[in-house]
Structure formats: C-alpha cells, structure tokens
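[1] Take a look and give me a structure for this.
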Amino acid sequence: MGITVSKNQWMNVAMVAFAMCFIVFSSNYFDEYSVRILNNIAIFIILAVSYNLINGVTGQFSLEPNGFVAIGAYVTALLLVSPEAKQYQYAIVDPYPFVMTLHANFVVALLLSGIFAALLALALAAPVFRVRGDYLAIVTLGFGFIIKILAINNPEITNGSLGLNDIPEFSNLYWTGGIAIIAVIVILNIVNSKFGRAMKAVRDDEDAATAMGVNTFKAKTLAFCTSAFFEGVGGGLLAALLTSISPDLFDFFFTFQLLIIIVLGGLGSTTGAIIGTVLVIGGSEWMRFLDEPMHLFGYTTTAMPGMRMVVFSLILIFIMLFAREGIMGKRELKDFFTSRKKGEK
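    Numbering: from 1, shown residues only. Below you'll find the model as predicted:
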C-alpha cells in the first residue's frame, strides 16, 4: 500500500527546503551586516509566531512576551558566561555562590531557557485565566513589569541594572534560522490539530466552546505554555546574539513591537506573523538611509534622525487602513492555493 502525499504537504516540504537553502546561501555570501539583520528577523519570527498562538489563534489579549523573553535571556546568559567573567562583572554586590557554578553548553542553555519560561507560564495560568479581555491584558502586562523589577532588584543573580556582558556569541544564522523553522512547524502543527481547533473555538466564543464540551482552560494553558517556551528560547538566542543584556532591553516596547508585528500580519495567521516580522524588523533597518543626509535634485539635505520611523509609521497606517484584518487576516499561505483550486471547479 503506497503512501500518498497531498499537495499541501509537498508545498510545506518545498518551503522548508527553500528556507534551509536560503540560510546556507546567506551565511556564505551575505555581508556581516546583512547576516546580523537576518539573525534578528529569525529570532523575531520565533517570538512572533509563538506570541500569535496565544494572542491571535487563542484570542487571549496577553501582553507578557517581554517577561518570558527576559527569563530566557537571563537563564542562557547565566549558563554561558564563564565564572571568571562573572567574577569581575558583579560590581554592585557579590553574586550568590550557586551563580558561579552555573554552566552548560548552548543547546542545554536554550532548552532550559524554554523550560523555565514554560514552567512559569504553567504556574501563572490558573490566576491569569481567571480574567478575560482587557483585564487579562492588565494582569499579563503587570507580569512583564514584575520580571523587569526583579531583574533590577536582585543584583546577586542578575547583576542588577548593569546587566550581563561577555556572553559568548553562539547565535548564528544556522541556529536562529533553524530554530525559527522548527518553531513555525511546531506552531502550524498545533494550530491544525484538535488542540488548535479548541483554541480557535475559545477565540471565537469561549462560552459557546465551554457549552460544547471544550476544556477552555486546558486549551488556553497549552497555548500559553507553548508560547512561553519558544519566547524563552528566543530570549536565549537574543542574548547569545547581542552578547550583552540588561533589564531595560525587556521593557514594554519589546511587547509592543511584537504586537505590531502580529496585528500587521494578521491575528491568527502564522504566515502573517512571518510576513509582519520581515516588514517590521527588516523594513525598519532598510530605511535607515532616511536618517542620513540625502542628495535630492542636486541638493544635500541635513541628517534627520528619526525620519525613518516617521515614514515607517505612515506606511503602517496606510497598510492598516486598507487591510484592517492585517495583511493575511486569519489565512495561511496554503489557503490561497485552496481557494484558487475551489474557484476553478
């Protein structure tokens, strides 16, 4: 008996193969600056698709990503920074003895970053999901602030406001791009499973989903923990890319940036989260020339720092005016091929 492979499965294999080829090609032929931007895009793809799972697919207005990303970044940093580097970095107070003994390789550090974030999400699920809507947003927003304050006020562990430096730079395009591919595959498989259907039911009408026998708390908790796991891993990759972290890096603007990405791409669409990441992270870097002096019609303008953000904001406004559900809405890439096929019949 032969194994049949659907058109969608062939398309998924082709997309993964294309992404892998692009990673190899970029690593070998792109300049260092371009590779750096691609690393940022890959990390934010991990964060965006995982954040979209709880916010877009499950419909829970959560504002917690900066907290879980911070946990992942600090766990990875503490495990990768050598005892010698820790010794001279902790200038405010001496670190706890156990901090000096923490050490692991990069893979273990990333896994532990994700696991710690997921376990914290599991512990928070019961109190957090007692509320809905705007109240849920306020609760999760407070969690992000608490993590930042704890990082500042526990210098024996995190080195306080000074942060951690000399983090080994393990993140490269193979790591960031490879994990981004894994994150997208895992999220899409969850969305297309029975758990994903339960999450969408919660998003559409939680009371009706409960009446139909859906365990809404279980669906929301699964989405919350999965999202937290990949946000923790993304935080670890970010720490190993920047080689320096501090509490100020994980303020509310970090969450706001991810929120812009998933709303722009389309709440509930994993493909939209990827497109939104490329536009927001890649586009803002590409438009840096707007901040510099430009030669226009024989005249040289003065440098205008911040102009790129003005233009970028106008572009975002224009897109949202004409695509109010985001670029993709709730659709995925495969839906365009399915719609075309149905239209031909």
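
[2] next SSE after the longest helix along the chain?
    For the chain, the longest helix by residue count, based on DSSP state H, is helix 216-242. Counting by DSSP states H and E, the element after helix 216-242 in chain order, helix or strand, is helix 252-265.

[3] So which residues of the stretch 51-200 of the chain form helices?
    65-80, 83-89, 97-101, 106-128, 133-153, 155-158, 173-191, 194-204 (DSSP state H, counting those that start in this stretch).

[4] Show residues contacting the fourth one.
    Judged by Cβ atoms under 8 Å, 6 or more residues apart in numbering, the contacts made with helix 106-128 from elsewhere in the structure are 68, 71-73, 75-76, 79-80, 104, 136, 139-140, 143, 168, 170, 175, 179, 217, 220-221, 224-233, 235-237, 240. (C-beta placed from N, C-alpha, C; glycine too.)

[5] could you give the angle of it to helix 173-191?
    Angle, helix 106-128 to helix 173-191, by axes from the mean of the first three to the mean of the last three Cα atoms, to 10 degrees: 40 degrees.

[6] Give me the buried positions along helix 106-128.
    By 16 or more other Cβ atoms under 10 Å, the buried positions in helix 106-128 come out as 106, 109-118, 120-121, 124-125, 128.

[7] Between helix 133-153 and that helix, find me the angle.
    Using the same axes, to 10 degrees: helix 106-128 against helix 133-153 is 130 degrees.

[8] average model confidence for helix 106-128?
    Across helix 106-128, pLDDT averages out at 94.

[9] do stretch 174-187 as well
    94.

[10] Can you give me the buried ones in that stretch?
    Going by 16+ other Cβ under 10 Å, stretch 174-187 has these buried residues: 175, 176, 177, 179, 180, 181, 183, 184, 186, 187.

[11] What of stretch 244-255?
    Quick answer for stretch 244-255 (16+ other Cβ under 10 Å): 245, 246, 247, 249, 250, 254, 255.

[12] what does stretch 200-213 give?
    Buried residues in stretch 200-213 (16+ other Cβ under 10 Å): 200, 201, 202, 203, 206, 209.

[13] mind listing what residue 180 touches?
    Residues counted as contacts of residue 180 (Cβ under 8 Å, 6+ apart) are 42, 43, 45, 46.

[14] so how far is residue 259 from the second one?
    It stands for residue 43. 16 Å (Cβ to Cβ, to the nearest Å).

[15] So for those two, which sits in the more crowded spot?
    residue 43 (28 against 19; other Cβ atoms under 10 Å).

[16] host element of that one?
    Applying DSSP H and E as the criterion places residue 43 in helix 32-52.

[17] Show me how far that helix is from its chain's centre.
    Remark: helix 32-52 is offset 8 Å from the chain centroid, using Cα atoms, centre = their mean, to the nearest Å.

[18] Output that helix as CSV, restricted to C-alpha atoms.
    The C-alpha atoms that make up helix 32-52 are tabulated as CSV, following Å, rounded to 0.1, in the frame of the first residue of the first chain:
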residue,chain,number,x,y,z
GLU,A,32,28.1,40.6,8.2
TYR,A,33,25.6,43.5,8.5
SER,A,34,23.0,41.7,6.3
VAL,A,35,23.5,38.4,8.3
ARG,A,36,23.0,40.3,11.5
ILE,A,37,19.7,41.7,10.3
LEU,A,38,18.6,38.2,9.2
ASN,A,39,19.5,36.8,12.6
ASN,A,40,17.3,39.5,14.2
ILE,A,41,14.5,38.6,11.8
ALA,A,42,14.8,34.9,12.5
ILE,A,43,14.7,35.5,16.3
PHE,A,44,11.6,37.7,16.0
ILE,A,45,9.9,35.1,13.8
ILE,A,46,10.3,32.7,16.7
LEU,A,47,8.8,35.2,19.1
ALA,A,48,6.1,36.4,16.7
VAL,A,49,4.7,33.0,15.7
SER,A,50,4.7,31.9,19.3
TYR,A,51,3.1,35.1,20.6
ASN,A,52,0.5,34.8,17.8
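
[19] Report the contact partners of the most centrally placed residue in the chain.
    The geometric centre of the chain, computed from its C-alpha atoms, lies nearest to residue 47 (Cα atoms, centre = their mean), at 0.9 Å. Counting by Cβ under 8 Å, 6+ apart, residue 47 touches 65, 69, 230, 231, 234, 258.

[20] got a list of contacts for stretch 260-269?
    Contacts for stretch 260-269 (Cβ under 8 Å, 6+ apart): 44, 48, 51-52, 55-57, 59, 200, 203, 271-277, 279-281, 316, 319-320, 325-332.

[21] switch to 7 Å and redo it
    44, 48, 51-52, 55-57, 272-273, 275-277, 279-280, 316, 319, 325-332 (Cβ atoms under 7 Å, 6 or more residues apart in numbering).

[22] What about these, which are in helices?
    44, 48, 51, 52, 272, 273, 275, 276, 277, 316, 319.

[23] From the residues you listed, list just the buried residues.
    The buried subset of the ones in helices among the contacts of stretch 260-269 (16+ other Cβ under 10 Å) comprises 44, 48, 51, 52, 272, 273, 275, 276, 277, 316.

[24] In CSV: these, plus distance to residue 299 and pLDDT.
    Shown next, in CSV, are these (distance: Cβ to Cβ, whole Å; pLDDT from 0 to 100):
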residue, distance to residue 299, pLDDT
44, 37, 95
48, 40, 95
51, 44, 94
52, 44, 94
272, 40, 91
273, 41, 92
275, 36, 92
276, 36, 91
277, 36, 93
316, 29, 79
